[in-house]
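Novice: show me the folded form of this:
(2 chains)
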Protein chains: 2
Amino acid sequence: MTQEETMIRTALAAWTLTISRLEQKVASFSDDYLQREVAPGRNRIFYLVGHLTVVHDRLFPMLGLGEQLHPELEEAFFANPDRTLADPITPPELRHAWSEVNSRLTAAFEELQPHQWLQRHNAVSAEDFAKDPLRNRLAVLISRTNHASFHLGQIMLVK
Amino acid sequence: MTQEETMIRTALAAWTLTISRLEQKVASFSDDYLQREVAPGRNRIFYLVGHLTVVHDRLFPMLGLGEQLHPELEEAFFANPDRTLADPITPPELRHAWSEVNSRLTAAFEELQPHQWLQRHNAVSAEDFAKDPLRNRLAVLISRTNHASFHLGQIMLVK
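Specialist: Purely as a prediction, here's the structure:
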């Protein structure tokens, strides 16, 4: 492996580990358990799993990896806070969408070459990227891994 | 910047952002607020800040960057769960230790060259590292950034 390959593998391993910890939790939750709040008056697990599904699904267009799989989930899980709208899907459908998005996304990540990880993502203009080359795909991967860890920490509080 | 330098800068930017979000929260908390639990019966913010201080302090020896600054905090904030032992320091002392550890650690990170980030850390043997070159300093940086995000997510729940 080249140094660049090792660096990308290292960042991808952190993504995979975080997703697999979340996957294990989500798979173990009953439908009722998914309705619990992570703290009194805070988001339900159901909403957070939906939210993470949408945030990860949006990475396909943002990183130039394809189309979103479930744009119909954006309104309830991304554009609005928890319990603003009725849940747009059932718990089995949510578990399925969550797994599907993560597995396809991780497969697409595995195909990218090291130099492609340093190219700009689609939420930054060519001009802005020229000023700040850290606004690359790798930054998005690391940021979304941290975002997933942020909500994993909350989900782990539920008794 | 070389590709390797850009990759390391990208990972360091995520570390710095996460720490600065935590620093801002910790600096804004009153002594009383630090005593709040992140959820009923769960860790106090005070404990989590102590815990993160110790986990980050342990990176000095683990990454070959020097000695721990506050080994006296390990017993209360790392070896034992919250409220097992009396708090070993006052809130102002905790805020100081937390800032001191992070600022010195970040300064040490900035000095490391890209190839040094791919060297093994001191918690893995040379034999094991030969089998798995992903057990490098960069993996520890990304892992601790995720760990900090995990607890930041919990701290953000406190009203």
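Novice: close to chain B, is the longest helix along chain A?
Specialist: Ranked by number of residues, the top helix in chain A under DSSP state H is helix A:3-28. Yes - applying C-beta under 8 Å from any C-beta of the partner chain, one finds helix A:3-28 touching chain B at A:3-4, A:6-11, A:13-14, A:18. All C-beta spots, glycine's among them, are computed from the backbone N, C-alpha and C.
Novice: next, the angle helix B:3-28 makes with that helix.
Specialist: 50 degrees (axes from the mean of the first three to the mean of the last three C-alpha atoms, to 10 degrees).
Novice: quick revisit: most neighbours among the residues of helix A:3-28 next to chain B, which one is it?
Specialist: Tallying neighbours with other C-beta atoms under 10 Å in any protein chain shown puts A:Met7 at the head of the residues of helix A:3-28 next to chain B, with 29 neighbours.
Novice: how far away is it from B:Thr90?
Specialist: 41 Å (C-beta to C-beta, to the nearest Å).
Novice: helices of chain A, start to end?
Specialist: Under the criterion DSSP H, chain A contains helices at A:3-28, A:31-34, A:45-57, A:59-62, A:74-77, A:91-111, A:114-117, A:126-131, A:137-155.
Novice: interface residues of chain A facing chain B?
Specialist: A:1, A:3-4, A:6-11, A:13-14, A:18, A:38-42, A:114-115, A:117-118, A:133-134, A:136, A:138-139, A:142-143, A:145-147, A:149-154, A:156-157, A:159.
Novice: buried ones from those, can you make that a ChimeraX selection?
Specialist: Buried members of these, defined by 16 or more other C-beta atoms under 10 Å in any protein chain shown, are picked up in ChimeraX with:
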select /A:3,4,6,7,8,9,10,11,13,14,18,38,39,42,114,117,118,133,134,136,138,139,142,143,145,146,147,149,150,151,152,153,154,156,157
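Novice: list the residues that contact the spatially most central residue of chain A.
Specialist: Using C-alpha atoms, centre = their mean, the residue of chain A that lies closest to the mean C-alpha position is A:His56, 3.1 Å off. Residues in contact with A:His56 (C-beta atoms under 8 Å, 6 or more residues apart in numbering or on different chains) are A:101-102, A:105, A:144, A:148.
Novice: kindly report the same for A:Leu65.
Specialist: By C-beta under 8 Å, 6+ apart, the residues touching A:Leu65 are A:59, A:105, A:108.
Novice: please tell me how far the first one sits from A:Thr53.
Specialist: Between A:Leu59 and A:Thr53 the computed distance is 11 Å (C-beta to C-beta).
Novice: those two: which is more packed in?
Specialist: Between A:Leu59 and A:Thr53, A:Thr53 has the larger neighbour count (other C-beta under 10 Å), namely 26 against 21.
Novice: now the more buried one: closest residue in space that isn't a chain neighbour?
Specialist: Ranked by C-beta to C-beta, 6 or more residues apart in numbering or on different chains and with sequence neighbours excluded, the top spatial neighbour of A:Thr53 is A:Trp98, at 4.7 Å.
Novice: next, A:Met156: phi, psi?
Specialist: Main-chain torsions, A:Met156, degrees, to the nearest 10: phi -70, psi -10.
Novice: A:Ile45 touches A:Arg36, doesn't it?
Specialist: Yes - the criterion here is C-beta atoms under 8 Å, and A:Ile45 meets it with A:Arg36 at 5.8 Å.
Novice: now do the shared contacts for these two.
Specialist: Between them, A:Ile45 and A:Arg36 share the contacting residues A:Val158, judged by C-beta under 8 Å, 6+ apart.
Novice: who's more crowded, those two?
Specialist: Higher neighbour count among A:Ile45 and A:Arg36: A:Ile45, with 20 against 14, using other C-beta under 10 Å.
Novice: contact partners for that one?
Specialist: A:29, A:33-38, A:155, A:158.
Novice: then A:Thr10?
Specialist: B:134, B:136, B:138-139, B:142.
Novice: show residues contacting stretch A:128-141.
Specialist: Here stretch A:128-141 has contacts from A:8, A:11-12, A:15, A:59, A:62-63, A:109, A:112, A:116-121, A:124, B:1, B:6-7, B:9-11, B:13-14, using C-beta under 8 Å, 6+ apart.
Novice: centre of the chain to that stretch, how far?
Specialist: How far stretch A:128-141 lies from its chain's middle: 18 Å, per C-alpha atoms, centre = their mean, to the nearest Å.
Novice: stretch A:9-16 now?
Specialist: For stretch A:9-16, the distance to the chain centre is 14 Å (C-alpha atoms, centre = their mean).
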